[in-house]
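K.L.:
Predicted structure and sequence below. I'll ask about it afterward.
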Amino acid sequence: MAFEEKQAWALAVIAVAGYALYVVLVLTGAAGRPLVDAPYVTPLLWTIGLGIVAGIVSGIWFGIAARDDGLQADERDREIGRFGDHVGQSFVVIGGVSAMALAVVEAPYFWIANVLYLSFVLSAVLGSLAKIALYRRGMA
C-alpha cells in the first residue's frame, strides 16, 4: 500500500473520530437544553486541534515508514492526490457558501460554526475516500 493511500486512510479515520467525539461532547453538554445554548466552542477547538496534531503525527509516521522502505511518490500518486484534493476542496467551498448564507439570515453562531466544521470533516473524509477509491480501482 502506498504511503499516500495509508495517509488517506488515516486522515479519513481521524476526521470521522474527531467529529464523532465533538458531536458527543456537544450533545452531552446540551443536557436537555436547545443545541444553540450548548457549550460548543471549547469542544470545537479541542477536536480540531487534536485532529490537526493527529494528522501531522500520522504523516510523519507514514513518511518515516515509506522512507525506510525506499518508497517514493510517482506521477500516479501525485495525480491521485490532486484529484482527491479537488474533491475535498469542493466541500470547503460548499460549507463556506452555506455559512455565508447562514450569516446573511443572522443564524446563531452555533449553526455557522457547525456548518463550517462539518464541511471541513466532509472535505477530509470525501477527499480521502476519493484517493482510496483511485488507489483501489485505478484512474481511467
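P.N.:
Looks like it came in fine.
K.L.:
for this structure, which spans come out with low pLDDT?
P.N.:
1, 68-73, 140 (pLDDT under 70).
K.L.:
in the chain, which spans are helices?
P.N.:
Under the criterion DSSP state H, the chain carries helices at the ranges 3-30, 41-69, 75-104, 109-137.
K.L.:
Adding mean neighbour count as columns, could you present those helices in JSON lines?
P.N.:
For the C-beta atoms, the positions are set from N, CA and C on the backbone; glycine is no exception. Formatted as JSON lines, these follow (neighbours: other CB atoms under 10 Å):
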{"stretch": "helix 3-30", "mean neighbour count": "18"}
{"stretch": "helix 41-69", "mean neighbour count": "14"}
{"stretch": "helix 75-104", "mean neighbour count": "15"}
{"stretch": "helix 109-137", "mean neighbour count": "19"}
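K.L.:
Okay, E4 and G81: tell me how far apart.
P.N.:
6 Å (CB to CB, to the nearest Å).
K.L.:
The closest residue to A15 other than its chain neighbours: what's it in contact with?
P.N.:
Excluding the flanking residues, the one nearest A15 by CB to CB, 6 or more residues apart in numbering is A124, at 3.9 Å. Residues near A124 by CB atoms under 8 Å, 6 or more residues apart in numbering: L11, A12, I14, A15, G88.
K.L.:
can you do 10 Å?
P.N.:
Residues near A124 by CB atoms under 10 Å, 6 or more residues apart in numbering: 8, 11-12, 14-16, 18-19, 51, 55, 88, 91-92.
K.L.:
Distance-wise, check the residue nearest the centre of the chain relative to L11.
P.N.:
Ranked by distance to the mean C-alpha position of the chain (CA atoms, centre = their mean), the top residue is A124 at 3.0 Å. The gap separating A124 from L11 is 5 Å, by CB to CB.
K.L.:
so what sits against both of those two?
P.N.:
By CB under 10 Å, 6+ apart, the residues touching both A124 and L11 are G51, G55, G88.
K.L.:
got the residues you listed as JSON lines, with distance to R67 columns?
P.N.:
Below are those laid out as JSON lines (distance: CB to CB, whole Å):
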{"residue": "G51", "distance to R67": "24"}
{"residue": "G55", "distance to R67": "18"}
{"residue": "G88", "distance to R67": "25"}
